[in-house]
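>>> requesting a structural model of the entry that follows:
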Amino acid sequence: ATTTATTTTNTTTTAPVSGALGPGGVPLGGVGPGSVAPDTLEENKKKRTHLPAAAIAVLKAWLFSHVGYPYPSEEEKTQLSTETGLTVLQVNNWFINARRRILQPLLMQMNQNQGAMEGPPGTMPPPSSFKPPPPQQ
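Below you'll find the predicted structure:
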């Protein structure tokens with residue numbers, strides 16, 4: 001019986017990407033120390049978590065009762081963290097977002113409505129700000 005041995009050589013060739021070189025002479029667009037393979041991008045994405053509704057209710061209650069100055073102190077953040085079961089960082093981030101996403105539009109709308117109510121003397125606010133009385137049954 002005779003056996004035949006074969007050897008294979010693994011060679012890889014890379015095509016230059018338009019000849020452009022980055023820092024340190026590394027070709028741009030290639031796989032290297034600063035690049036991330038496409039399949040690992042999905043692994044690095046963090047899943048977005050939603051906060052519990054009860055925690056949001058506590059935070060909103062604090063926010064709406066402090067509209068004039070919606071910045072909790074460090075002690076208040078710690079207290080809110082304890083009440084809600086969130087971390088202080090989560091509480092802090094929630095307030096950063098809430099001031100932009102909840103308070104800012106609310107205050108802008110209130111200012112627009114206030115401006116509509118304070119038109120020239122003898123004028124009425126636009127009909128869109130009126131609410132018709134409930135129908136009588």
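>>> residue 72 and residue 64, how far apart?
As defined by C-beta to C-beta, to the nearest Å, residue 72 lies at a distance of 13 Å from residue 64. Using the backbone N, CA and C atoms, a C-beta is placed for each residue, glycine as well.
>>> the more surrounded of these two?
residue 72 (18 against 13; other C-beta atoms under 10 Å).
>>> my guess is the more buried one meets residue 95, correct?
Yes: in this structure, residue 72 sits in contact with residue 95. The criterion is C-beta atoms under 8 Å, and the distance is 6.5 Å.
>>> listing request: residues of this structure with sub-threshold pLDDT.
Counting by pLDDT under 70, the chain contains low-confidence residues at 1-43, 116-137.
>>> now with 90, please.
By pLDDT under 90, the weakly predicted segments of the chain are 1-49, 110-137.
>>> which residue ranges of it form helices?
Secondary structure of the chain (DSSP state H): helices at 38-44, 53-65, 74-84, 88-98, 104-117.
>>> the last one vs helix 88-98, what angle?
Helix 104-117 runs at 30 degrees relative to helix 88-98, counting by axes from the mean of the first three to the mean of the last three C-alpha atoms, to 10 degrees.
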